[in-house]
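Asks: give the three-dimensional model of this entry:
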Amino acid sequence: MAVTTESPELSSGGYDVAILGAGIAGGILAAVLARNGVRVLLLDAGAHPRFAVGESTIPYTSTISQIIAERYRVPEIATLTGFDEMRKVSPAIGQKRNFGFVYHEEGKPQDPEQINQEVIPANVEMHLFRQDVDAYFYHVALKYGAEGRLATRVTDIEIDPDSGVTLLSDAGERFHAAYLVDGSGFRSPVAQKLGLRDEPTRARHHCRSLFTHMVGVTPFDDATAAQKHTQPVPWHQGTLHHVFKGGWLWVIPFDNHESAVNPLCSVGLSLDERMYPKPDSPPEDEFGTFLQRFPEIAEQFRDARLARPWVSTDRLQYSASNTVGDRYCLTAHAAGFIDALYSRGLTNTMTVINSLAGRLIAAARADDWSTERFAYVDKLQQGLFDVHDDLVYSSYIGFGHYDLWNAVVRVWKATSFLSWVPTQKVLSDFRRSQDDTVFGSLESGATPGLPEPTGEDVQALLAFTRNTCRRVEAGELPAADAAAQLWARLRASDFLPEPLGLADPANRTPLNTPELKRSVRDWGLHKAPEHIRLAFQGDVF
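Replies: The predicted model follows:
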């Protein structure tokens, strides 16, 4: 794809693309489009800076962000690829050196053998202070020529399949664009206007949530329960998940490194609303009641104080029957939502931006906004939704029995790693060839949301996990038997890299060492099934 360096002159006659929602997704997409000569209007009902959750990144986030930065020549997006880079943008971010999971059973002391930790190399992943990061990418979009309109609420939308979209604001303004991208969230004007919400949602997973920012949260490493833990990296240096039957609690600190300037900590509690119906009491009272039930978790919050009011939701899951139609696309949280578990929200968003942006640029140059041009984006978003739903649904069932949870978390790791490897391979190929046709391999498989050549294997593993957990939920299969079946399936899956030890129940806190990376690469090149070996060739590790 040829890329221009000139910013477009905005025409009073309209825009090529209007984007609703000036958060991280809207800002990045607008920056990419404007950088490549597309006339962009970026609107939001709110203003910056503002509170937002979705702070934790994962390795796949870094890789897909780097792809977008290099493919579309917007180097500012590469700040999402590492802690040191993003700290130059926002000194308020935290570091993420691990994914940590501590399992609790109500009424019992925490068992130090019931922990899981996935170590991440230092200075790679991070806890984003979203009010800084979102504002940064909004301003990057303006720098490249997008027109921004904050505090502008869209009250009506008129869509003409032949001529484009007209937006009406609460101030009586009218804006016209050839195409509309709605990334505004659950109350998407397009979803409401066209009746696109599935009723009921097709999501199997159920949860509601309450969340806030706090100060004075004690590192869990200092708590009594953690003194017998032997995990490689302190819990406080990563994203900590306290998991228990029916839900989980996140602790995402921003003050967990030597140069930290931000005393805040993101705290959230997600609960299956069928098991924990939403009470009439204020969320701070509900959180206090929860801590009384889990005194070992409560140690973290003995001196904690609110930095902002709690947000309390009803059931969070929603989906869309179609995310693409005549002259519009829903994306990010306008398209659907599952759960914050596993920090997949930003990764899914960036994956869609990578696919959508190229199509929008090509459509603007050809003045061809046919729905067929964007059909794959819908398949991709629906696939990403289903993958996340399978993982989280199965995890909540696993939360009721540690051995089953210990197995399900390996399925998550397999899904993440075997999605990251082929994506990293594509980035490596592009750097070597500067031929953007290599990105087509991310969209050529039969499993949108899971890149080939590993997609079909991972999809089958996810289906087996989901169906096994469904039987547990239905009372058809004891959790211990389900765990045994899932461990057997993991052992029989020859596409899982042997050195990672995913099928070993005792391998709960593995070290992430250079030796392990070399072993995994050697397995991928010489011992993996033939169809998977291609993904390990080149400068992947």
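
Asks: so what pairs up with Tyr15 in the strands?
Replies: Beta-bridge partners for Tyr15, by DSSP bridges, are Ala177.

Asks: ok, how many other residues are close to it?
Replies: 27 (other C-beta atoms under 10 Å). C-beta: built from backbone N, CA, C; applies to glycine.

Asks: now Arg149
Replies: The burial count for Arg149: 18, using other C-beta under 10 Å.

Asks: please, where are all the helices along the stretch 351-500 of the chain?
Replies: Along the stretch 351-500 of the chain, counting by DSSP state H, counting those that start in this stretch, helices occupy 375-398, 402-433, 455-473, 479-492.

Asks: so for Val124, which of those sits nearest?
Replies: helix 402-433 (12.0 Å; C-beta to C-beta).

Asks: export the helices of the stretch 351-500 of the chain to JSON lines and tack on mean neighbour count?
Replies: Shown next, in JSON lines, are the helices of the stretch 351-500 of the chain (neighbours: other C-beta atoms under 10 Å):
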{"stretch": "helix 375-398", "mean neighbour count": "23"}
{"stretch": "helix 402-433", "mean neighbour count": "22"}
{"stretch": "helix 455-473", "mean neighbour count": "19"}
{"stretch": "helix 479-492", "mean neighbour count": "17"}
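
Asks: let's have the ones you listed in a markdown table, adding mean pLDDT.
Replies: Below are those laid out as a markdown table (pLDDT from 0 to 100):
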| stretch | mean pLDDT |
| --- | --- |
| helix 375-398 | 98 |
| helix 402-433 | 96 |
| helix 455-473 | 98 |
| helix 479-492 | 98 |
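
Asks: of all these, which one is nearest Ala298?
Replies: helix 402-433 (20.8 Å).

Asks: now do that closest one: which elements does it pack against?
Replies: helix 59-71, strand 98-103, strand 115-119, helix 375-398, helix 455-473, helix 479-492 (3 or more C-beta pairs under 8 Å, 6 or more residues apart in numbering; DSSP states H and E).

Asks: out of these, flag the one nearest Ser416.
Replies: Here helix 59-71 is closest among these (C-beta to C-beta), at 6.3 Å.

Asks: let me see the mean pLDDT of that closest one.
Replies: For helix 59-71, the mean pLDDT works out to 96.

Asks: show me the shaky parts of the chain.
Replies: Regions of the chain meeting the criterion pLDDT under 70 cover residues 1-13.

Asks: hmm, 90 instead?
Replies: Applying pLDDT under 90 to the chain flags residues 1-13, 121-124, 441, 444-445, 537-541.

Asks: how about the strands in the stretch 51-200 of the chain?
Replies: Ranges of strands in the stretch 51-200 of the chain, per DSSP state E, counting those that start in this stretch, are 94-96, 98-103, 115-119, 125-127, 147-149, 154-160, 164-169, 174-182.

Asks: quick revisit: as CSV, the helices and strands packed on helix 402-433 with distance to Cys265 would be great.
Replies: As requested, the helices and strands packed on helix 402-433 are arranged in CSV below (distance: least, C-beta to C-beta, whole Å):
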stretch, distance to Cys265
helix 59-71, 21
strand 98-103, 14
strand 115-119, 19
helix 375-398, 23
helix 455-473, 31
helix 479-492, 33
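
Asks: quick one: which of the ones you listed is nearest Lys88?
Replies: helix 59-71 (14.7 Å).

Asks: other SSEs contacting that closest one?
Replies: Here helix 59-71 touches strand 125-127, helix 345-366, helix 402-433, going by 3+ C-beta pairs under 8 Å, 6+ apart.

Asks: report the angle between it and strand 115-119.
Replies: Angle, helix 59-71 to strand 115-119, by axes from the mean of the first three to the mean of the last three C-alpha atoms, to 10 degrees: 20 degrees.

Asks: who touches helix 59-71?
Replies: 1, 28, 32, 74-78, 80-82, 120, 124-125, 343, 346-347, 350-351, 353-354, 357-358, 416, 419-420, 423-424, 426-427, 430-431, 436, 439 (C-beta atoms under 8 Å, 6 or more residues apart in numbering).

Asks: repeat for stretch 386-394
Replies: Under C-beta under 8 Å, 6+ apart, the answer for stretch 386-394 is 203-205, 317, 338-339, 341-342, 344, 348, 408, 411-412, 415, 449-450, 462-463, 465-466, 468-469.

Asks: likewise for stretch 180-195?
Replies: Stretch 180-195 has contacts (C-beta under 8 Å, 6+ apart) with 17-21, 23, 25-26, 29, 44-45, 154, 156-157, 159, 165, 167, 196-197, 318, 320, 325, 327-334, 337, 356, 360.

Asks: now, those residues that are in helices?
Replies: 25-26, 29, 356, 360 (DSSP state H).

Asks: closest one to His241 among the helices and strands packed on helix 402-433?
Replies: Among the helices and strands packed on helix 402-433, the nearest to His241 by C-beta to C-beta is strand 98-103 (4.8 Å).

Asks: who are the packing partners of that closest one?
Replies: Counting contacts by 3+ C-beta pairs under 8 Å, 6+ apart, strand 98-103 is packed against strand 115-119, strand 239-244, helix 402-433.

Asks: make JSON lines out of the ones you listed and add distance to Arg308.
Replies: Output for the helices and strands packed on strand 98-103, formatted as JSON lines (distance: least, C-beta to C-beta, whole Å):
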{"stretch": "strand 115-119", "distance to Arg308": "29"}
{"stretch": "strand 239-244", "distance to Arg308": "20"}
{"stretch": "helix 402-433", "distance to Arg308": "30"}
